[in-house]
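Novice: the sequence and its predicted three-dimensional model are supplied below.
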Amino acid sequence: MDLSIRRLLTVVDDKFQEAGRLADPLQRKVAVIAVVPNPHVGRYVEDLTPLIEASRGIGAQMAKVALAAMGPHEIQSYGKGGIVGLAGEQEHANALLTTTFAEPFRDAMGGASAWISSMTKVAAPGALIDVPMNAKTDVYVRSHYDGMSLMLPGGPLPEEIALIFCVANRGRLNARVGGLGYTESVKASAVRQG
């Protein structure tokens, strides 16, 4: 199955201060959104394996865009999401967001062993979606519980699916609720990966 990308959008959100305190370093969040046709609109298909396999190439293309948009900033956290147009099923986005889709991102950024938070839904064009994010090294790093609120103007159309991948160079500004630190999680992740 060949799913050509119809639209590709990149959102870069730089935050320089919070509560009157300057950020050092700044917080950069990037969202890459790819809109693809939904080959299963209007009918139930039991085996979604071809959809899963088709997501590998899409993930690889999106990973290149995400890394370029991050510029000199190291990626510390990530999250993914999907919006299915009104003629499809929520499951169609989930089939496109499995490990097969995510591995190109993990390979490109390195050191990414943690589970990736996600959100999917069926919605009309222009719907808002909140994509949850967590540290790439360990889902229990509290300072990196965050997300991006996104809206795709004019999409996805009823026969389309919007796939979203978000990355950030750090946790929340002024994070101070304790728990596992990011530096600790990097060391622990390195040990787990051998």
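Specialist: Perfect, thanks for sending it.

Novice: what's the mean pLDDT across the top helix by length along the chain?
Specialist: Secondary structure of the chain per DSSP state H: the longest helix is helix 49-70. For helix 49-70, the mean pLDDT works out to 97.

Novice: list the contacts for residue 126?
Specialist: 151, 152, 153, 154, 155 (C-beta atoms under 8 Å, 6 or more residues apart in numbering). C-beta: built from backbone N, CA, C; applies to glycine.

Novice: could you give the backbone dihedrals for it?
Specialist: Residue 126 adopts backbone torsions of phi 80, psi 10, taken as degrees, to the nearest 10.

Novice: now what about the helix or strand of the chain with the lowest mean pLDDT, what contacts it?
Specialist: Within the chain, no helix or strand scores below helix 182-193, which has a mean of 87 by mean pLDDT, DSSP states H and E. Contacts of helix 182-193 from elsewhere in the structure, counted by C-beta under 8 Å, 6+ apart, are 76, 111, 113-114, 135, 137-138, 140-141, 143-144, 170-171.

Novice: so which elements touch the lengthiest strand in the chain?
Specialist: Identified as the longest strand of the chain according to DSSP state E is strand 21-37. Where contact means 3 or more C-beta pairs under 8 Å, 6 or more residues apart in numbering; DSSP states H and E, strand 21-37 is packed against strand 7-18, helix 49-70, strand 146-151, strand 160-168.

Novice: just give me how far the first one sits from the chain centre.
Specialist: Spelled out, it's strand 7-18. Computed by C-alpha atoms, centre = their mean, to the nearest Å, the chain-centroid distance of strand 7-18 equals 13 Å.

Novice: what angle sits between it and strand 21-37?
Specialist: When axes from the mean of the first three to the mean of the last three C-alpha atoms, to 10 degrees is applied, the directions of strand 7-18 and strand 21-37 differ by 170 degrees.

Novice: same check, this time on the third one
Specialist: Relative orientation of strand 146-151 versus strand 21-37 (the same axes, to 10 degrees): 50 degrees.

Novice: got CSV for the contacts of residue 126, with pLDDT and neighbour count too?
Specialist: Output for the contacts of residue 126, formatted as CSV (pLDDT from 0 to 100; neighbours: other C-beta atoms under 10 Å):
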residue, pLDDT, neighbour count
151, 97, 13
152, 96, 21
153, 96, 8
154, 96, 9
155, 97, 20
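
Novice: and which of these is nearest to residue 165?
Specialist: residue 152 (13.6 Å; C-beta to C-beta).

Novice: against residue 128, how distant is that closest one?
Specialist: According to C-beta to C-beta, to the nearest Å, residue 152 and residue 128 sit 9 Å apart.
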